[in-house]
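Asker: The sequence isn't on hand, but the structure is:
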(Lines give C-alpha, C1' and ligand atoms only; values in the text may rest on other atoms or scores of the structure.)
Protein backbone atom coordinates (compact mmCIF):
# COMPACT_ATOMS: atom_id res chain seq x y z
CA UNK A 1 0.00 0.00 0.00
CA UNK A 2 1.20 3.48 -0.82
CA UNK A 3 -0.37 6.94 -0.51
CA UNK A 4 -1.37 8.62 -3.77
CA UNK A 5 0.86 11.52 -4.80
CA UNK A 6 3.65 10.76 -2.33
CA UNK A 7 6.97 9.26 -3.44
CA UNK A 8 7.76 6.18 -1.36
CA UNK A 9 11.28 4.84 -0.96
CA UNK A 10 11.60 1.07 -1.34
CA UNK A 11 14.64 -0.89 -0.14
CA UNK A 12 15.18 -4.09 -2.09
CA UNK A 13 17.40 -7.06 -1.28
CA UNK A 14 17.70 -10.74 -2.14
CA UNK A 15 19.50 -13.63 -0.52
CA UNK A 16 19.64 -15.88 -3.55
CA UNK A 17 19.52 -15.04 -7.27
CA UNK A 18 19.02 -11.96 -9.41
CA UNK A 19 15.52 -10.49 -9.37
CA UNK A 20 14.05 -7.29 -10.79
CA UNK A 21 11.28 -5.33 -9.05
CA UNK A 22 8.95 -3.76 -11.62
CA UNK A 23 5.57 -2.06 -11.50
CA UNK A 24 5.13 -1.11 -15.18
CA UNK A 25 2.54 1.63 -14.60
CA UNK A 26 4.47 3.29 -11.79
CA UNK A 27 8.22 2.92 -12.21
CA UNK A 28 11.09 1.46 -14.22
CA UNK A 29 12.49 -1.86 -13.09
CA UNK A 30 15.09 -2.05 -10.35
CA UNK A 31 17.45 -5.01 -10.20
CA UNK A 32 18.15 -6.96 -7.04
CA UNK A 33 21.59 -8.50 -6.61
CA UNK A 34 22.37 -11.02 -3.88
CA UNK A 35 24.18 -9.46 -0.94
CA UNK A 36 23.36 -5.88 -1.95
CA UNK A 37 20.53 -3.55 -0.95
CA UNK A 38 19.20 -1.31 -3.71
CA UNK A 39 16.92 1.66 -3.18
CA UNK A 40 14.28 2.98 -5.55
CA UNK A 41 11.24 5.23 -5.44
CA UNK A 42 7.67 4.50 -6.38
CA UNK A 43 4.83 6.97 -6.84
CA UNK A 44 1.22 6.67 -7.95
CA UNK A 45 -0.60 9.77 -9.17
CA UNK A 46 -4.02 8.14 -8.97
CA UNK A 47 -5.70 5.57 -6.74
CA UNK A 48 -5.79 2.01 -7.97
CA UNK A 49 -4.34 -1.47 -7.90
CA UNK A 50 -1.11 -1.79 -9.89
CA UNK A 51 0.31 -5.18 -10.76
CA UNK A 52 4.01 -5.74 -10.18
CA UNK A 53 6.29 -8.59 -11.11
CA UNK A 54 9.82 -9.90 -11.18
CA UNK A 55 11.25 -8.81 -14.53
CA UNK A 56 14.46 -10.88 -14.37
CA UNK A 57 14.43 -14.60 -15.04
CA UNK A 58 15.27 -15.97 -11.61
CA UNK A 59 14.49 -19.66 -11.76
CA UNK A 60 11.73 -22.19 -11.90
CA UNK A 61 9.03 -19.99 -10.34
CA UNK A 62 9.89 -16.74 -12.09
CA UNK A 63 6.53 -16.54 -13.88
CA UNK A 64 4.73 -16.80 -10.53
CA UNK A 65 6.48 -13.87 -8.83
CA UNK A 66 3.77 -11.22 -8.82
CA UNK A 67 2.53 -8.64 -6.36
CA UNK A 68 0.03 -5.83 -6.14
CA UNK A 69 0.70 -2.20 -5.24
CA UNK A 70 -2.43 -0.60 -3.80
CA UNK A 71 -2.40 3.20 -4.13
CA UNK A 72 -4.87 4.95 -1.83
CA UNK A 73 -5.77 8.56 -1.01
CA UNK A 74 -3.83 9.68 2.07
CA UNK A 75 -6.69 9.29 4.61
CA UNK A 76 -7.44 5.73 3.42
CA UNK A 77 -3.73 4.89 3.43
CA UNK A 78 -3.32 6.27 6.96
CA UNK A 79 -6.25 4.13 8.18
CA UNK A 80 -4.80 1.06 6.44
CA UNK A 81 -1.41 1.71 8.06
CA UNK A 82 -2.97 1.77 11.54
CA UNK A 83 -4.83 -1.51 10.83
CA UNK A 84 -1.69 -3.10 9.34
CA UNK A 85 0.32 -2.40 12.49
CA UNK A 86 -2.38 -3.62 14.88
CA UNK A 87 -2.51 -7.13 16.30
CA UNK A 88 -4.52 -9.60 14.25
CA UNK A 89 -8.16 -9.84 15.31
CA UNK A 90 -9.10 -12.59 17.74
CA UNK A 91 -10.66 -15.53 15.93
CA UNK A 92 -14.45 -15.34 15.77
CA UNK A 93 -16.39 -18.56 15.68
CA UNK A 94 -15.53 -22.07 16.75
CA UNK A 95 -13.82 -23.09 13.49
CA UNK A 96 -11.46 -20.11 13.47
CA UNK A 97 -10.70 -20.52 17.19
CA UNK A 98 -9.84 -24.17 16.64
CA UNK A 99 -7.81 -23.16 13.57
CA UNK A 100 -5.58 -20.90 15.67
CA UNK A 101 -5.00 -23.73 18.16
CA UNK A 102 -4.03 -26.14 15.38
CA UNK A 103 -1.84 -23.47 13.71
CA UNK A 104 0.13 -23.12 16.93
CA UNK A 105 0.22 -26.87 17.74
CA UNK A 106 1.48 -28.23 14.41
CA UNK A 107 4.42 -25.85 14.14
CA UNK A 108 3.19 -23.17 11.73
CA UNK A 109 4.07 -20.55 14.36
CA UNK A 110 7.73 -21.53 14.29
CA UNK A 111 8.08 -20.05 10.78
CA UNK A 112 5.22 -17.53 10.50
CA UNK A 113 4.22 -14.46 12.49
CA UNK A 114 0.67 -13.46 13.36
CA UNK A 115 0.78 -10.26 15.40
CA UNK A 116 -0.96 -10.56 18.75
CA UNK A 117 -0.50 -14.35 18.99
CA UNK A 118 2.27 -16.72 20.04
CA UNK A 119 3.24 -17.07 16.36
CA UNK A 120 6.46 -15.10 15.95
CA UNK A 121 8.45 -17.01 13.33
CA UNK A 122 10.76 -15.12 11.00
CA UNK A 123 11.36 -17.63 8.18
CA UNK A 124 8.00 -17.48 6.39
CA UNK A 125 5.84 -14.47 5.57
CA UNK A 126 3.84 -12.58 8.19
CA UNK A 127 0.29 -13.94 7.98
CA UNK A 128 -1.38 -11.27 10.15
CA UNK A 129 -3.54 -10.12 7.21
CA UNK A 130 -3.32 -13.13 4.88
CA UNK A 131 -7.10 -13.20 4.47
CA UNK A 132 -7.01 -9.84 2.69
CA UNK A 133 -4.41 -10.84 0.10
CA UNK A 134 -5.44 -11.43 -3.52
CA UNK A 135 -3.02 -14.34 -3.90
CA UNK A 136 -0.80 -16.75 -2.01
CA UNK A 137 2.74 -17.83 -2.79
CA UNK A 138 3.70 -14.48 -4.38
CA UNK A 139 1.05 -14.81 -7.06
CA UNK A 140 1.26 -18.60 -7.49
CA UNK A 141 -2.44 -19.15 -6.75
CA UNK A 142 -5.55 -17.10 -5.94
CA UNK A 143 -6.35 -16.72 -2.26
CA UNK A 144 -9.32 -19.10 -2.13
CA UNK A 145 -10.12 -21.73 0.50
CA UNK A 146 -9.13 -24.49 -1.94
CA UNK A 147 -5.80 -22.93 -2.88
CA UNK A 148 -5.01 -22.10 0.73
CA UNK A 149 -5.74 -25.68 1.79
CA UNK A 150 -3.61 -27.03 -1.06
CA UNK A 151 -0.78 -24.68 -0.11
CA UNK A 152 -0.85 -25.76 3.54
CA UNK A 153 -1.02 -29.47 2.71
CA UNK A 154 1.78 -29.36 0.12
CA UNK A 155 2.84 -26.00 -1.27
CA UNK A 156 5.25 -27.75 -3.65
CA UNK A 157 2.25 -28.82 -5.75
CA UNK A 158 1.35 -25.16 -6.36
CA UNK A 159 4.83 -23.63 -6.50
CA UNK A 160 7.63 -26.20 -6.82
CA UNK A 161 10.88 -25.15 -5.21
CA UNK A 162 9.45 -22.77 -2.60
CA UNK A 163 10.86 -22.92 0.92
CA UNK A 164 7.76 -24.23 2.73
CA UNK A 165 7.79 -27.98 3.43
CA UNK A 166 4.56 -30.04 3.46
CA UNK A 167 2.72 -29.50 6.73
CA UNK A 168 1.41 -32.21 9.08
CA UNK A 169 -2.05 -30.68 9.46
CA UNK A 170 -4.60 -33.50 9.85
CA UNK A 171 -7.25 -33.43 7.11
CA UNK A 172 -9.95 -33.11 9.77
CA UNK A 173 -8.31 -29.93 11.11
CA UNK A 174 -7.42 -28.30 7.79
CA UNK A 175 -10.83 -26.57 7.30
CA UNK A 176 -10.44 -24.92 10.72
CA UNK A 177 -6.93 -23.65 9.90
CA UNK A 178 -8.25 -22.30 6.60
CA UNK A 179 -11.16 -20.59 8.41
CA UNK A 180 -8.71 -18.97 10.82
CA UNK A 181 -6.30 -17.75 8.15
CA UNK A 182 -9.12 -16.43 5.95
CA UNK A 183 -10.41 -14.43 8.95
CA UNK A 184 -7.11 -12.52 9.21
CA UNK A 185 -7.91 -9.29 7.35
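Answerer: The structure has been received and is ready for your questions. It should be emphasised that the depicted structure is a prediction, and the values quoted were computed from it without experimental measurement.
Asker: Which positions within stretch 35-44 qualify as buried?
Answerer: Judged by neighbour count using 16 or more other CB atoms under 10 Å, the buried positions of stretch 35-44 are 40, 42, 44. Using the backbone N, CA and C atoms, a C-beta is placed for each residue, glycine as well.
Asker: Okay, and the beta partners of the second one?
Answerer: Beta-bridge partners for residue 42, by DSSP bridges, are residue 8.
Asker: Now do the contacts for it.
Answerer: 2, 7, 8, 10, 23, 26, 27, 69 (CB atoms under 8 Å, 6 or more residues apart in numbering).
Asker: make it 6 Å
Answerer: For residue 42, the contacting residues are 8, 10, 26, 27, by CB atoms under 6 Å, 6 or more residues apart in numbering.
Asker: and the nearest residue to residue 121 once chain neighbours are set aside, how far is that from residue 171?
Answerer: Distance criterion CB to CB, 6 or more residues apart in numbering; nearest residue to residue 121, sequence neighbours excluded, is residue 111 at 4.1 Å. Distance, residue 111 to residue 171, by CB to CB, to the nearest Å: 21 Å.
Asker: cool, residue 15 as well?
Answerer: With CB to CB as the criterion, residue 15 and residue 171 are 34 Å apart.
Asker: the more surrounded of residue 111 and residue 171?
Answerer: Using other CB atoms under 10 Å as the criterion, residue 111 and residue 171 rank with residue 111 on top: 17 against 8.
Asker: ok, now how distant is the more buried one from residue 132?
Answerer: Taken as CB to CB, the span from residue 111 to residue 132 is 20 Å.
Asker: residues making contact with the helix or strand hosting residue 97?
Answerer: Applying DSSP states H and E as the criterion places residue 97 in helix 94-105. Identification of contacts with helix 94-105 by CB under 6 Å, 6+ apart yields 91, 118, 173, 176, 177, 179, 180, 183.
Asker: which ones among those residues are found in helices?
Answerer: When DSSP state H is applied, the contacts of helix 94-105 are split such that 176, 177, 179, 180, 183 fall in helices.
Asker: quick one: which of those residues is nearest residue 51?
Answerer: The nearest member of the ones in helices among the contacts of helix 94-105 to residue 51, counting by CB to CB, is residue 183 at 26.1 Å.
Asker: and that closest one, how many neighbours?
Answerer: When neighbours are counted by other CB under 10 Å, residue 183 comes out with 20.
Asker: What pLDDT does the model give the closest residue to residue 175 other than its chain neighbours?
Answerer: For residue 175, ignoring the flanking residues on the chain, the nearest one in space by CB to CB, 6+ apart is residue 95 at 6.7 Å. The score at residue 95 is 97. That number is its pLDDT.
Asker: go on, residue 179?
Answerer: Taking residue 179 on its own, its pLDDT is 98.
Asker: Could you tell me which residues make contact with it?
Answerer: Contacts of residue 179 by CB under 6 Å, 6+ apart are 95, 96, 99.
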